[in-house]
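Asks: Provide a 3D model corresponding to the input given below.
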Amino acid sequence: MRVIPLTLTALAAALALTACDNGGTSGASGASGAESKAGASCAAGSVSLQVGSASVAPATGDSGQVPVSITNQSAPCTLDHFPGVTLHQDGRTEKLPVQEGATAQKLKLAKGDSATFTIDYVRGADAKGAKAATMEITLPGGGEPQSFPWKYGTVAAKAGKSTPDASVSAFQQAGD
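Replies: Numbering: from 1, shown residues only. Got it, this is the predicted structure:
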């Protein structure tokens with residue numbers, strides 16, 4: 001007789017789980033319905049980008065972080081993969097790699113929702129370092145790149161290389 005109550009409990013739990021929605025998307029309308037509610041990829045023109053107050057590396061060899069906020073200004077969209085950041089200096093460009101060990105998350109942003117990512121760098125002083133004047137940010141969804149001044153000092157070169165010792169984190173959901 002104990003099998004029946006356990007079976008009914010398991011069946012009720014399974015039904016309750018299938019009745020749940022999928023993060024605000026409609027599971028009953030199929031893939032196309034879920035896709036339209038989730039929105040297309042977030043493109044630079046449909047979101048606002050803001051470079052926040054940095055934790056500036058004060059001296060050569062110190063680490064610094066530059067936070068970047070993304071706020072969706074229009075229809076729901078999705079951030080998938082990683083942001084692109086390129087440092088520009090006197091005709092030279094350096095695309096920053098993704099942080100070692102970082103894992104991309106797929107984030108759905110409704111209108112007004114925000115996400116963040118961080119640019120980590122090491123302050124440098126040597127001639128091989130990047131004396132960037134600007135940084136250009138691109139989103140995986142496309143749109144025009146947005147340019148911001150780089151005001152955080154020279155970026156050190158990686159040991160034995162001429163590439164900057166800097167990287168980009170994965171997107172993180174901001175707010176509650």
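
Asks: contacting residues for Arg92?
Replies: Residues near Arg92 by C-beta atoms under 8 Å, 6 or more residues apart in numbering: Ala130. For glycine as for every other residue, the C-beta is placed from the backbone atoms N, C-alpha and C.

Asks: what's it sitting at in phi/psi?
Replies: Backbone torsions for Arg92, taken as degrees, to the nearest 10, come to phi -100, psi 140.

Asks: so how far is Lys131 from it?
Replies: 9 Å (C-beta to C-beta, to the nearest Å).

Asks: so where do the strands sit in the protein?
Replies: For the chain, the strands defined by DSSP state E occupy 40-41, 47-51, 63-72, 77-79, 84-89, 92-95, 107-109, 114-122, 134-138, 146-149, 166-168, 172-173.

Asks: Tell me which of these approaches Gly101 most closely.
Replies: strand 166-168 (10.2 Å; C-beta to C-beta).

Asks: Glu94 reaches Tyr121, doesn't it?
Replies: No. The criterion here is C-beta atoms under 8 Å, and Glu94 misses it with Tyr121 at 11.2 Å.

Asks: Tell me the residues that contact both of those two, please.
Replies: Contacts common to Glu94 and Tyr121, judged by C-beta under 8 Å, 6+ apart, are Pro164.

Asks: And Leu139, how far from Ala104?
Replies: With C-beta to C-beta as the criterion, Leu139 and Ala104 are 13 Å apart.
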